[in-house]
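> A structural model of the following input is requested.
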Amino acid sequence: YGSYGDATKKNAGICGVGEMWGYYVGGLLATRQYEGTHFRGDDWFEYRILRQLTSNSQTWLPRLTNPLTEKQIFDCLTSDVRSHSQLRNRLIQRYGRQQEITTIFTHFGF
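Now for the predicted structure:
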């Protein structure tokens with residue numbers, strides 16, 4: 001369906017959520033294993049949302065007063081979450097903090 005490349009294609013939402021998680025976890029594990037930071041890429045699906053939700057690593061961006069864990073985010077990645085907005089809504093539904101979570105997603109265009 002041409003879902004890769006940008007957010008406008010059919011099924012782009014589910015690809016975007018999957019890629020966002022994959023890029024985030026890949027960067028996280030490589031950073032833990034090797035020196036320095038290994039978060040790479042600047043794609044439309046914005047893995048940096050997850051990075052900001054879990055660590056507030058980008059201090060100039062909106063922040064959570066109490067960051068989420070990777071497990072908390074993973075628990076929201078169920079088969080019915082097929083877009084960034086559905087992921088945002090699930091995070092809010094489970095963990096509250098609507099204003100903080102919404103602000104981070106909005107900052108990255110979602």
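> What is the burial count for Glu46?
24 (other CB atoms under 10 Å). Using the backbone N, CA and C atoms, a C-beta is placed for each residue, glycine as well.
> pLDDT wise, what is it at?
Model confidence at Glu46, given as pLDDT, is 92.
> Could you measure from it over to Tyr23?
Separation of Glu46 from Tyr23 (CB to CB, to the nearest Å): 9 Å.
> cool, Ser83 as well?
Distance from Ser83 to Tyr23, by CB to CB: 17 Å.
> again, but for Asn11
18 Å.
> Where does the residue nearest the centre of the chain fall, secondary structure wise?
Against the mean C-alpha coordinate of the chain, by CA atoms, centre = their mean, the closest residue is Leu50 at 3.2 Å. Element membership for Leu50 (DSSP states H and E) is helix 48-55.
> following that helix, which helix or strand comes up?
helix 70-76.
> Contacts made by that following helix with the rest, please.
Helix 70-76 has contacts (CB atoms under 8 Å, 6 or more residues apart in numbering) with 21, 25, 28, 50, 53-54, 87, 90-91, 94-95.
> if you set the cut-off to 7 Å instead, what comes out?
50, 53-54, 87, 90-91, 94-95 (CB atoms under 7 Å, 6 or more residues apart in numbering).
> got the contact list for the nearest residue to Val81 once chain neighbours are set aside?
Nearest non-adjacent residue to Val81, counting by CB to CB, 6 or more residues apart in numbering: Leu87, 5.2 Å away. Leu87 makes contacts with 17, 76, 81, as judged by CB under 7 Å, 6+ apart.
> Relative to Gly22, how far out is Leu87?
Distance from Leu87 to Gly22, by CB to CB: 14 Å.
> do the same with Thr65
In terms of CB to CB, Thr65 sits 27 Å off from Gly22.
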